[in-house]
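Engineer: Here is a sequence with its predicted model. Questions after.
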Amino acid sequence: MLNFVLDTVKVYKKGIIVLPKSIREKAGIREGMILVVRVKGKEIILSPLDLWWRVWGCCKGKGSAEDVERELDEDEKIWEKRRFRE
């Protein structure tokens, strides 16, 4: 038995795709979520951006909480600019 949902999508102008409801539900994707996009060979991999682990990482010697908060704020500004530009 397959543990994934298989569907097809069309690529529209400017590379826009619409993920079918069955795919969004299976992956737990909700409106407003930020997804990380990776390319592995010819595969495109989308996964939710887990901001909690970025913040938690600051407690493990990967910078201060303030550094992480600043970085998250910068990422959010970049994301908003891209969102409104398209």
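Structural biologist: That came through fine.
Engineer: Would you map the strands across the chain?
Structural biologist: 35-40, 43-48 (DSSP state E).
Engineer: from those strands, which stretch is densest packed?
Structural biologist: Burial of the strands of the chain is given as mean neighbour count (mean count of other C-beta atoms under 10 Å); strand 43-48 ranks first at a mean of 11. Quick note: C-beta positions are derived from backbone N, CA and C, even for glycine.
Engineer: Please report how far the nearest residue to Tyr12 once chain neighbours are set aside lies from Ile29.
Structural biologist: In space, and not counting its chain neighbours, Tyr12 is closest to Val18: 8.0 Å by C-beta to C-beta, 6 or more residues apart in numbering. Counting by C-beta to C-beta, to the nearest Å, the separation of Val18 from Ile29 is 12 Å.
Engineer: So between these two, which is more surrounded?
Structural biologist: Ile29 (16 against 11; other C-beta atoms under 10 Å).
Engineer: which residues sit in contact with that one?
Structural biologist: Residues in contact with Ile29 (C-beta atoms under 8 Å, 6 or more residues apart in numbering) are 19, 23, 35, 46, 48.
Engineer: Likewise for Arg30?
Structural biologist: Arg24.
Engineer: re the thing from before, export the contacts of Ile29 as JSON lines, with columns for pLDDT and distance to Glu66.
Structural biologist: Below are those laid out as JSON lines (pLDDT from 0 to 100; distance: C-beta to C-beta, whole Å):
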{"residue": "Leu19", "pLDDT": "92", "distance to Glu66": "35"}
{"residue": "Ile23", "pLDDT": "88", "distance to Glu66": "37"}
{"residue": "Leu35", "pLDDT": "86", "distance to Glu66": "26"}
{"residue": "Leu46", "pLDDT": "89", "distance to Glu66": "30"}
{"residue": "Pro48", "pLDDT": "84", "distance to Glu66": "25"}
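Engineer: Fine by me, we can end here.
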